[in-house]
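sequence and computational prediction follow.
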Amino acid sequence: MESRKHPSAFLLLALALLLSFAAHIGHGESRELSDEIEIDLRQKRNGDVTWCIAKPSTDNGNLNSNIEYSCGQKQVDCRPIQLGGACFSPNNYISHASYAMNLFYKSAGKNFWDCHFNGTGLIVTQDPSVGACYYPA
């Protein structure tokens, strides 16, 4: 008889925690974070191929910071976006930042937080590669 009381107590505790979590994610940024976590988990479960690119609305100063940060990481090779590289053209901040950010995203583990870049990154499922410029998945 005693063992039957414990499962119901556990279920009540689990339900209380679930309701508490549901109330918490209904507010602002917490909901946005839970949506990103769900997308990340769904992609890992389904084996979806994803890339990280810069949001088109990002200003050049932030794009340049993203390039400097990403290219400054030991595991990121930004030679393709330098003059003469396969991804130099088009020669603009959005293209170069997208390429560098994707390399960082890939090398860091492809988690949604690896593409955040202070809100300037965007995870996409359509291959952004163009011509000879190949974005590794």
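Cool, the structure landed. None of the values given here were measured: they were computed from a predicted structure.

the protein: strands as residue ranges?
Counting by DSSP state E, one finds strands in the chain at the ranges 51-54, 121-124.

tell me the most buried of these?
Of all the strands of the chain, strand 51-54 has the most neighbours on average by mean count of other Cβ atoms under 10 Å, namely a mean of 24. For the C-beta atoms, the positions are set from N, CA and C on the backbone; glycine is no exception.

give me the neighbour count for I67.
Number of residues near I67 (other Cβ atoms under 10 Å) recorded here: 21.

so which of the strands of the chain is nearest Q75?
Among the strands of the chain, the nearest to Q75 by Cβ to Cβ is strand 51-54 (14.5 Å).

can I get that closest one in PDB, CA atoms only?
In PDB, the C-alpha atoms belonging to strand 51-54 read as follows (Å, rounded to 0.1, in the frame of the first residue of the first chain):
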ATOM      1  CA  TRP A  51      23.000  27.100 -42.200                       C
ATOM      2  CA  CYS A  52      23.600  30.300 -40.400                       C
ATOM      3  CA  ILE A  53      23.300  33.600 -42.300                       C
ATOM      4  CA  ALA A  54      23.200  37.200 -41.300                       C
END
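
show me what it is packed against.
Contact analysis of strand 51-54 by 3 or more Cβ pairs under 8 Å, 6 or more residues apart in numbering; DSSP states H and E lists helix 93-108, strand 121-124 as its packing neighbours.

ok, residues contacting that strand?
Outside of strand 51-54, the residues that reach it under the criterion Cβ atoms under 8 Å, 6 or more residues apart in numbering are 63, 66, 93-94, 97-98, 101-102, 104-106, 114-115, 117, 120-125, 127-128, 135, 137.
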